[in-house]
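Novice: Need coordinates for the following:
(one chain, ligands or ions: 2)
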Amino acid sequence: MKNFTCVKDLGDLQVALKEAFEIKKDRYQFCELGKNKTLLMIFFNSSLRTRLSTQKAAMNLGMNTMVLDVNQGAWKLETERGVIMDGDKPEHLLEAVPVMGCYCDIIGVRSFARFENKEEDYNEMILNQFIKYSGRPVFSMEAATRHPLQSFADLITIEEYKKTARPKVVLTWAPHPKALPQAVPNSFAEWMNAADYEFVITHPEGYELDPQFVGNAKVEYDQKKAFKGADFVYAKNWAAYADPNYGQILSLDRSWTVDEDKMALTNNAYFMHCLPVRRNMIVTDDVIESPQSIVIQEAANREISAQAVLKRMLENL
Ligand SMILES: CCC[C@H](NC(C)=O)C(=O)O
Ligand SMILES: NC(=O)OP(=O)(O)O
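Specialist: Numbering: from 1, shown residues only. Ligands and ions are numbered 1, 2, ... in the order given. This is a model prediction of the structure:
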């Protein structure tokens, strides 16, 4: 595996899960693999879990790590080709990317959708420039359309907690004051479809995700109906994808907030969220603090998913 940007890059999911659980048994058993190899992590957007878990995973493998927060310390980067650079950006991505590639062996990139140009977002313009020009293997730490390290950790977590072979997993939209990317729900849907669970997506009309990610999932506009018999409830906000509302907030309806009454409709479902979460917008205090909430265990598995991916990439160098 050269690059890691989506579920397909991992190949057989059962094999990948086996590798992940092997790592979880003893995460230091491969500590020689990354000796004298350097990971460069580049953030165009904020992060807590991805930043810490990926660095920890690299250290578990014996790697050196460097972290760059673009726009905080580095030069502001122009990303459009053909632009006359007489503004506030002293450097172009097309120079900065190959230079960064000189200093490392593997690159991780976080670059959210900007909601300025749907085509550029859904063609992964930033991530693909790193893949094309860095000269190094690249993995996504959440790009414009997917968050594969998160989704792999989500799958690991569901596999650890599921009580039946094919659990009912529900992805539910919930309100948020900001216009958040579709990367997490897109990616979650892609991995849940690949895992062949009973998968339902529920959201208000107008929040339909890109059909390439929805796949064969059932879309249910009645949240309570969707929750019936669920084994896992995965909550997340996202801004509208469909034109002409791309990147817009269409609803702040807090009747979509996940509360105890909704969870009572489920099959004693586990509650999941990728974090960070806005309490009492996405989910009530009581639900996220309940014994059925596994958001911390889910976050802890980010170290495992990152280590499984980095191990594959190191083995392929
Ligand atoms: C892991 C989530 C990152 C980001 N969240 C925010 C608050 O920007 C998102 O919704 O994609
Ligand atoms: N879930 C996740 O990726 O968290 P951060 O945005 O804090 O990295």
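Novice: Farthest from the middle of the protein: give me that residue.
Specialist: Going by Cα atoms, centre = their mean, the residue of the chain most distant from its centre is Asp86, 34.9 Å out.
Novice: dump the residue contacts of Leu171.
Specialist: Counting by Cβ atoms under 8 Å, 6 or more residues apart in numbering, Leu171 touches Pro185, Phe188, Ala189, Met192, Phe199, Val200, Ile201, Thr202, Ala217, Tyr234, Lys236. C-betas here are computed from N, CA, C, even on glycine.
Novice: Quickly find the element holding it.
Specialist: Element membership for Leu171 (DSSP states H and E) is strand 168-173.
Novice: Find the least confident helix or strand in the chain, judged by mean pLDDT.
Specialist: One helix or strand of the chain scores below all others by mean pLDDT, DSSP states H and E: strand 77-78, with a mean of 91.
Novice: Next secondary structure after it?
Specialist: Next element after strand 77-78 (DSSP H and E): strand 91-92.
Novice: tell me what that next one is packed against?
Specialist: strand 77-78 (3 or more Cβ pairs under 8 Å, 6 or more residues apart in numbering; DSSP states H and E).
Novice: Pull the residues that contact the strand it packs on.
Specialist: Val70, Asn71, Met85, Gly87, Lys89, Glu91, His92, Leu93, Ala96.
Novice: Which of those ranks first by neighbour count?
Specialist: Ranked by neighbour count (other Cβ atoms under 10 Å), these have Ala96 at the top, with 22 neighbours.
Novice: ok, it touching Trp75?
Specialist: Yes: between Ala96 and Trp75 there is a contact under Cβ atoms under 8 Å: 7.3 Å.
Novice: Pull the contacting residues for the residue of the stretch 201-317 of the chain found nearest ligand 1.
Specialist: When distances are taken as Cβ to the nearest ligand atom, the stretch 201-317 of the chain reaches nearest to ligand 1 at Cys274, 4.6 Å away. Counting by Cβ under 8 Å, 6+ apart, Cys274 touches Arg49, His147, Gln150, Asp154, Val184, Lys236, Glu298.
Novice: same deal with Val277?
Specialist: Ala235, Val283, Ile288, Val295.
Novice: Columns secondary structure, distance to Met125 and pLDDT on top of the residues you listed, output as a markdown table?
Specialist: As requested, the contacts of Val277 are arranged in a markdown table below (DSSP: H, G, I helix; E, B strand; the rest coil; distance: Cβ to Cβ, whole Å; pLDDT from 0 to 100):
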| residue | secondary structure | distance to Met125 | pLDDT |
| --- | --- | --- | --- |
| Ala235 | strand | 29 | 99 |
| Val283 | strand | 33 | 98 |
| Ile288 | helix | 35 | 98 |
| Val295 | helix | 32 | 99 |
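Novice: Let me see the ranges of the helices in the stretch 201-317 of the chain.
Specialist: In the stretch 201-317 of the chain, the helices defined using DSSP state H, counting those that start in this stretch lie at 211-214, 223-227, 260-263, 285-288, 295-315.
Novice: Now whichever residue of the chain sits closest to ligand 1. Its backbone dihedrals?
Specialist: Nearest to ligand 1 in the chain, going by Cβ to the nearest ligand atom, is Leu180, at a distance of 3.7 Å. In terms of degrees, to the nearest 10, the main-chain angles of Leu180 are phi -90, psi 150.
Novice: Skipping adjacent residues, who's closest to it in space?
Specialist: Computed as Cβ to Cβ, 6 or more residues apart in numbering, the closest residue to Leu180 that is not its neighbour in sequence is Asn237, at 4.9 Å.
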